[in-house]
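**Student:** quick check, what structure comes out for this input:
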Amino acid sequence: MERRAFLTANMALLAAMALPRLSLASSGNAVDNPANYNHRFAEFNGIRMHYVEAGKGPLVILLHGFPLLWYSWRNQIAPLAAAGYRVVVPDQRGYGQTSAPEAIPSYDITQLVGDVVGLMGALGETSAVVVGWDIGTLVASHCALLRPDLFRGVVLVSSPYSQRPPIPPTAIWKANFKDKVFYQDYFQEIGKADAEMARDPHLTMRSGLYSLSADVAPGDGWMTFFEPGETVLENVSDPYARKISNPKQLPAWLSETALDYYVAQFTASGFTPALNWYRNFDRNWQETSFLAGARIMQPSLFVAGVDDTALQWGKKTIDTLETTMPGLQKKAFIPKAAHMSPEEKPAEFNRILLEYLNHL
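**Tutor:** Here you go, the predicted model:
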């Protein structure tokens, strides 16, 4: 153990020396400036993937969710690199500076997992811990299920692993939420949510990120369910009425620099490619009958903010993770954080993640 501690300390020192531009900064300005990162591109699987890379050591791949980017992990990159890990953070297919194919089936789970495998090949790596956040957990969990030879550990943030159900997801939503519209079901209609979100990307991102955090005022949080006939971003002139609230002031964890980067990226890409992930849920179900009852056996971790609304409608799934993920090391819940915990409470999130990584 003394030798391991010595090696870890030296790896951390070397990683810190290798990151002069980031300076392992706690300053919001340094961390929030996208120019302070090492940007790379790789081509595989018919796409060009943008990713950020830092550090040397065992590979950790961080997969963002919606409506997020590689940038959403900015508070994790330098600390993980300093701790002795090679950190690789891509814009996933359809996001940011990565290619966005037009065909909806281009975003099914086989393509998304294939992208992570392709990225590892481009990096010359054969082993990784994969960390998924929000819908990124869909990719991370399937990486673990489909390629256990490559992925030695898996971390799921905010959204738990759910085994393949007996009927398609859209059928489940309609059966369970008869008098409501589940937001993922709302996303199924091509063009509708896309246009609403693209109408004012600044307001969409400012309000959307705020509404997913623990800073949101009571009643202003992201609405998981809608009344029939309502929209996901209702009445922009009144800022989004009940569905998403425009904060008078940005929360402390979201700087104007950060917001501007989010807005610029989604203004360029639009929201359709990202929403196409949701439009493949039934297709994913059809393609993965062989995964019925599948369990994630690798050492794993689940992390969420205490105030995350996903904990409410996903409680049953979270309660059964010890069964569906026999290698589960811990379920960690971060106080005063919600769906945006890696951004809201980065120090606590990083402590939990590194504790898991260092014991693999």
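**Student:** same for the host helix or strand of residue 153, what does it pack against?
**Tutor:** Taking DSSP states H and E as the criterion, residue 153 maps to strand 151-157. Where contact means 3 or more C-beta pairs under 8 Å, 6 or more residues apart in numbering; DSSP states H and E, strand 151-157 is packed against strand 128-133, helix 136-146, strand 300-305, helix 346-358. For the C-beta atoms, the positions are set from N, CA and C on the backbone; glycine is no exception.
**Student:** that one pairs with which strands, and in what direction?
**Tutor:** If you go by DSSP bridges, strand 151-157 pairs up with strand 128-133 (parallel), strand 300-305 (parallel).
**Student:** ranking the ones you listed by burial, who's on top?
**Tutor:** strand 128-133 (a mean of 27; mean count of other C-beta atoms under 10 Å).
**Student:** what residues does it touch?
**Tutor:** Contacts to strand 128-133, defined as C-beta atoms under 8 Å, 6 or more residues apart in numbering, come from residues 58-65, 68, 72-73, 116, 120, 138-141, 143-144, 150-159, 342, 353, 357, 360.
**Student:** pull the residues that contact stretch 320-329.
**Tutor:** Stretch 320-329 has contacts (C-beta under 8 Å, 6+ apart) with 160-163, 295-302, 317, 331, 356, 359.
**Student:** tell me the one of these nearest residue 174?
**Tutor:** residue 162 (17.3 Å; C-beta to C-beta).
**Student:** does that closest one touch residue 319 like I think?
**Tutor:** No - if you go by C-beta atoms under 8 Å, residue 162 and residue 319 don't touch, sitting 11.9 Å apart.
**Student:** kindly state the beta-bridge partners for residue 90.
**Tutor:** Residue 90 has these beta-bridge partners by DSSP bridges: residue 51.
**Student:** next one: it from residue 282, what distance?
**Tutor:** 26 Å (C-beta to C-beta, to the nearest Å).
**Student:** what do you get for residue 192?
**Tutor:** Look at residue 192 and residue 282: by C-beta to C-beta, they are 17 Å apart.
**Student:** what about residue 84, which SS state?
**Tutor:** Following DSSP: H, G, I helix; E, B strand; the rest coil, residue 84 is assigned to coil.
**Student:** re earlier: just the buried residues from the contacts of stretch 320-329, in ChimeraX please.
**Tutor:** With 16 or more other C-beta atoms under 10 Å as the criterion, this ChimeraX line picks the buried residues out of the contacts of stretch 320-329:
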select :160,161,162,163,296,298,299,300,301,302,331,356
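**Student:** how about low-confidence regions in the protein?
**Tutor:** For the chain, the stretches with pLDDT under 70 are 1-28, 217-245.
**Student:** kindly recompute the last result at 90.
**Tutor:** Residue ranges of the chain with pLDDT under 90: 1-29, 173-186, 192-193, 196, 207-208, 211, 216-249, 309-314.
**Student:** show me the strands in it, by range?
**Tutor:** 38-44, 47-54, 59-63, 86-90, 128-133, 151-157, 181-182, 225-226, 300-305, 328-334 (DSSP state E).
**Student:** right, so of those, which gets closest to residue 98?
**Tutor:** Nearest to residue 98, of the strands of the chain and by C-beta to C-beta, is strand 47-54 at 4.8 Å.
**Student:** what residues of the closest one count as buried?
**Tutor:** Using 16+ other C-beta under 10 Å as the test for burial, strand 47-54 gives 47, 49-54.
**Student:** excluding covalently adjacent residues, which one is nearest to residue 270?
**Tutor:** residue 198 (5.4 Å; C-beta to C-beta, 6 or more residues apart in numbering).
**Student:** that neighbour contacts residue 271, correct?
**Tutor:** Yes - at 5.6 Å, residue 198 and residue 271 qualify as touching, with contact defined as C-beta under 8 Å.
**Student:** shared neighbours, these two?
**Tutor:** Here residue 198 and residue 271 have residue 204 as joint contacts, going by C-beta under 8 Å, 6+ apart.
**Student:** of the two, who's got more company?
**Tutor:** Neighbour count, other C-beta atoms under 10 Å: between residue 198 and residue 271, residue 271 has more, with 20 against 15.
**Student:** out of the helices and strands packed on strand 151-157, the one nearest residue 104 is which?
**Tutor:** For those, the distance to residue 104 is smallest for helix 136-146, at 15.8 Å, taking C-beta to C-beta.
**Student:** what residues does that closest one touch?
**Tutor:** 63-65, 68, 92, 109, 112-113, 116-117, 130-132, 150-151, 154-161, 277, 284, 288, 291, 294, 296, 298, 300.
**Student:** repeat that for 7 Å
**Tutor:** 63-65, 109, 112-113, 116, 130-132, 151, 154, 156-157, 159, 161, 291, 294, 296, 298 (C-beta atoms under 7 Å, 6 or more residues apart in numbering).
**Student:** cool, and stretch 44-56?
**Tutor:** Contacts to stretch 44-56, defined as C-beta under 7 Å, 6+ apart, come from residues 14-15, 18-19, 37-42, 70, 77-78, 80-81, 85-91, 93, 96-99, 114-115, 118-119, 121-122.
**Student:** what do you get for stretch 147-155?
**Tutor:** 117, 120, 126-131, 140-141, 143-144, 296-301, 303, 353, 356, 360.
**Student:** that stretch: which residues count as buried?
**Tutor:** Buried residues in stretch 147-155, counted by 16+ other C-beta under 10 Å: 147, 150-155.
**Student:** TSV for these, including distance to residue 211?
**Tutor:** Output for the buried residues of stretch 147-155, formatted as TSV (distance: C-beta to C-beta, whole Å):
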residue	distance to residue 211
147	35
150	36
151	32
152	35
153	31
154	28
155	24
